[in-house]
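>>> any chance you could fold what I've pasted below:
(chains A and B)
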Amino acid sequence: MREDRHLIDRDRCLQCGRCISACLNSSALYNEGCLVLPTRRQTVEELFAMLEPQLRVYKNTGGLTISGGEALLQFEDVGRLLERCKEQEINTAVETSGTLPWENYRKVIEITDVWLYGLRPHAKDQSLRDFKRSLENLDRMLRRISPKKIIIRLPIIPGYLDRPEQLETVSKAMNERGLHTLQLLPFNIHYSHYYKAAGLTPDPELIRKKSMLTTNMTQRILTGYGINFKWV
Amino acid sequence: MTDQKSVQFSAGLPQAMTERTARLKESLYDRAFGDRSGEWFSQNMFADMSVPINGEPEQPVIIRRSRAISEMLSKMTSPEISATTGSYHIEDGELLVGVLPMGSNGLGKVFPNYQTENEKRACSITNRTQLSLLGHNTADYERLLRIGLSGIIDICHEKQTALKKKDSKNQKDQDAIDFYQSVLICCEAVIGYAQRYADLAENLADNRSGTRRQELLEIAAICRKVPLQQAETFHEALQSIWTVHVALHASLNYISFGRLDQVLQPYAEKSMAEGMTPAKMVELLECFLIKGAGRLNLSCEYLMEQDHMDYNAALGIHPYYLDQLGAVNNFLQNIIVGGKTKQGEDATNNCTYLILQAFINTNLSTPGIYVRLHKKSPTELRDFVAHSLAVTGNNPSILNDEALIPAMYNALLEDENPNDQARMSELRELANDYCVDGCWEPILNARCDWTFGMINGMILLECALNRGATLDPNPMVLRGGKNTPNYGTPTNYEELKEIMSKTIQFSTDQCGIGFYKYYQLDEYVNPSPLYSAFLGACLENGRDKAAGGADYNIAGIILGGVPNMVNTITAIRRWVFEEQRYKYDDVLNALKFNFVSPSDSNPKEQAVFNGIKADFMLESPKFGNDDRETNHVAADLLDMFVAAVKRTKEYCDHIFLAKEGCADSEELRRLRTLAGFYGPPLQAEEGRKISVKFTAGLGTFEQYTMQGSGVAASADRDRAAPLAPNFTPTPGTMKHGIGHLLSTLGSLDLSRFGAGVITDTCLRASDDNPDTIKGIIDRFIEEKGNMMTMAVGRRETYQEIYELSVAAARLENREAAQQMLRPYADINVRVGGWHAPFITMSPEQQKDYINRPVQG
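Okay, the predicted model is just below:
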């Protein structure tokens, strides 16, 4: 702190958090204020103890949803967290892209009540391989659990993930597997990384206009395939 | 009632006010936004009731007081006086009649004088005046409806005749004769009041035709019948209760409605069988609630002219920091629904839903509504309560039978023989029938007299830390204001606990001794003959409640600022006693000087203060987050407090009460005299069985702003900032959501607190779906929380109203100021002991709310 301003040399930052403790407007204990750390390391037990009081409020009306990034990259810890939830009869949901090794899913499939399964059809290289792997994992899941436990999700990124051929690919994949419920995730600013990944600069105004144009088309295509979709 | 039936019943109720009640509410709002100072009574409207009649000897105070009640009710129905007070008036469309005279806990009351000048001079050494009535109780409206005032009159005549036949010279018998005479005077006054309203309704009917004429004639017929006789229909029951409510409030006794769903149910059933629809009943209840809100002030513009608060006229008993502005719309009137029957069965009935629906539709800040819930409350009731909270954003408040019934039962067990099964069963019934008064204090429904004392816990903490002195920076008081004895300086947590315990004991003893002294005093200042006719066994005993006539007397000792104490002790324990990062004296100085070094040229001290501030405020866990350290400190504090109250009770009983087979001793007389009580033991006199049951409670009422104003900085607030409201985390310190707060409450065994522990939650509006609210309520019941209020709101809205209020206060054009705030008139929030329209709250209270909304 110099002249009432925080001066941070990020190259030398060890993420120890001591600057947060020293700051009169930040709390390392509650990780809030002017300075915060983006992530924290906690044991499963610590995490569950932190979550449990709130989970008990939602016990009869909701539960715990683990989303990402890709939370199942830490599938062993996630599995232990889900187990703790099931011990308390708390409903669990896991969000995934379906692109991880099957082992990551196998370990938690019995203790996950609902899968929020994101399909990202793309026609090129790695993305195509990822999509295929998603479908393979989906098929494996469907051999073990009811289709009712799987909700397919598709983010609608105007000009990126709402092209007719993509929507058709998803619809066909769902129909082939007896899956008929699709949740569409409307664009929000946190999806801008899709554009960045594609080397594009997200233009909010353009996105708004495109979104209006594509929404009707999206709905028409999905309806044509008999998909029950819902914007969430 | 089965769940299935209640679903059908609650689902069929009207979801909005009728045209009639919407118009009545609008008319009330028009008055409430205007200048109401002209509606107040003034002393020159009344005859002086302290003056002997026709040269006769001075009358007993209880007779004078009953004559004053009669005078008040008479002048309220004087057409000439009503030209300004509006107290003898039937509004177009009204179905219930009788107007509450202006007055409130914040603005004061006006009542005919009945004390002699000599009595007033003697009272100057006490904290009592003839206006000091506490209210804070409920009346036995079941008895009123069942036997009517004629039934009360019959009892009085019968008892008086028997006493007169004895021709006794015994003072106790003469007191009883006077008591019955005063009840008779009051009953006649109330009957006269109702009859004059019947006259008015008939006169108005002469000039009307059609439906309204029929309505007015029906009103007249009802007022001729009740409260004189027993009620038979739902409409009669409501009018009977309303008339007596007006009479009690007009005569200084701000008595609450109690468990109205239980009282009204038989009449609702009968009327329903005769063809009255549930919708009509809801409309009648809406009329009832709108009448209840009749004294409302929604503008802060005209309050100075309405300040009728007098010396010691608030609550007396113990130092009371009255936030008058906060209490402008506090009238101490609640309706309690749900819960258990006396026999312990679920008590939910049709009237539970009818009343809740009327509250949803009218959404007024007063009267208040509490629902009692327990583990076996019907799912439909819980659903309806969650729906109501989502719709109104503030009603109802929750009372947890799982905590409060055991708490009341345990309080009643004091001095009782646990082997007396019949007695235990009677006490269990009383506990099952508990309710809260017009604020939030638990009481035995219409069976006990009740009083309370308050303790500012943060002052006690300062004294415990600072050798009996407050952390006052005023150099003239050297170390600080000396408020308690010096019990030493702690060097570790265990020593701090020991000192804290002694400090708390000092304060609970002050309260306890005050309770017993109170019963010596009130009989000669504030007898309440009208109310006593509806309280417990006063009528059977021939004694006013002020003379110990009720079956039970309960006194609550209520500790405030506990979350602030917990946060500060936790920080001291961690950073001073365990980590030893800071010196004890440096911490005291930092708190005393609000973390700003008094010396401009001492940057070293300022650096230490900065460190203390950062660690205390930001790096110490805070109460309400289910943190192990704070839960531990909170549990220790609560244990200390409960133990202190118990010891106080034992001590007070020892010196004030005569023990069976144990003669009064010179030592006991000396102790009583030292305690300011000069008579024989309270139970020594024949028939005088006063024993006060002590209960402990946690909360601040609305006084958290004023209580904080004289308090040093703490680990969660700056110097002079408000204390934590009631037993609620300091605003801004809840980090994880309400679930963590509920776990905290669950760790503290709150079923020990018969004087109530109230937690005011504020749910952010984005979480206001009924499922989330129901989840919170269910967990609150499960965790044995004690009492809970919930406001649902947005920080942005609270901020906006606060800014508008500040801007409106600067406007010269009063009408323009009102127009700015009127759109927000329906936003009500909890202010400690009641709900208040947000727009009428003081800027300090409004600001305190901005940081409150948290996630579900």
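
>>> doesn't A:Thr65 lie inside a helix?
No - using DSSP: H, G, I helix; E, B strand; the rest coil, the secondary structure at A:Thr65 is strand, not a helix.

>>> now it. Nearest residue, chain neighbours left out?
Closest residue to A:Thr65 apart from its sequence neighbours, by Cβ to Cβ, 6 or more residues apart in numbering or on different chains: A:Ala93 at 4.3 Å. C-betas here are computed from N, CA, C, even on glycine.

>>> could I have the CA atoms of the host helix or strand of the one you found written out in PDB?
A:Ala93 belongs to strand A:91-96 when assigned by DSSP states H and E. Extracted C-alpha coordinates of strand A:91-96, given in PDB (Å, rounded to 0.1, in the frame of the first residue of the first chain):
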ATOM      1  CA  ASN A  91     -30.000 -33.900  -3.800                       C
ATOM      2  CA  THR A  92     -27.000 -33.600  -6.100                       C
ATOM      3  CA  ALA A  93     -26.400 -32.400  -9.600                       C
ATOM      4  CA  VAL A  94     -23.100 -32.300 -11.600                       C
ATOM      5  CA  GLU A  95     -22.500 -30.100 -14.600                       C
ATOM      6  CA  THR A  96     -20.100 -31.500 -17.200                       C
END
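
>>> for chain A, what lies in contact range of chain B?
Counting by Cβ under 8 Å from any Cβ of the partner chain, chain A comes close to chain B at A:21-24, A:26-30, A:32-33, A:50, A:52-62.

>>> 7 Å instead?
A:21-22, A:24, A:26-30, A:50, A:53-54, A:56-61 (Cβ under 7 Å from any Cβ of the partner chain).

>>> just the residues you listed: which are in strands?
Residues from these lying in strands, with DSSP state E as the criterion: A:Ser26, A:Ser27.

>>> show me the residues of chain A next to chain B that map onto helices.
Of the positions in the residues of chain A next to chain B, A:Ser21, A:Ala22, A:Met50, A:Pro53, A:Gln54, A:Arg56, A:Val57 sit in helices, assigned by DSSP state H.

>>> low-scoring stretches of chain A, by residue?
Scanning chain A for pLDDT under 70 picks out the ranges A:1-4, A:122-127, A:189, A:194, A:197-198, A:206, A:208-214.

>>> show the contacting residues for the closest residue to B:Ala658 other than its chain neighbours.
Leaving aside its sequence neighbours, B:Ala658 sits nearest to B:Pro681 (Cβ to Cβ, 6+ apart; 3.7 Å). By Cβ atoms under 7 Å, 6 or more residues apart in numbering or on different chains, the contact list for B:Pro681 reads B:Phe656, B:Leu657, B:Ala658, B:Asp664.

>>> look at the nearest residue to the first one once chain neighbours are set aside and say how many residues are nearby.
What that stands for is B:Phe656. In this structure, B:Phe656 finds its nearest non-sequential neighbour in B:Tyr516, 4.4 Å apart by Cβ to Cβ, 6+ apart. By other Cβ atoms under 10 Å in any protein chain shown, the residues close to B:Tyr516 number 24.

>>> tell me which element B:Tyr516 falls in.
Applying DSSP H and E, one finds B:Tyr516 within helix B:493-521.

>>> now for that helix, which elements pack on it?
The contact analysis (3 or more Cβ pairs under 7 Å, 6 or more residues apart in numbering or on different chains; DSSP states H and E) places helix B:493-521 against strand B:448-456, helix B:457-465, strand B:552-560, helix B:628-656, strand B:692-698.
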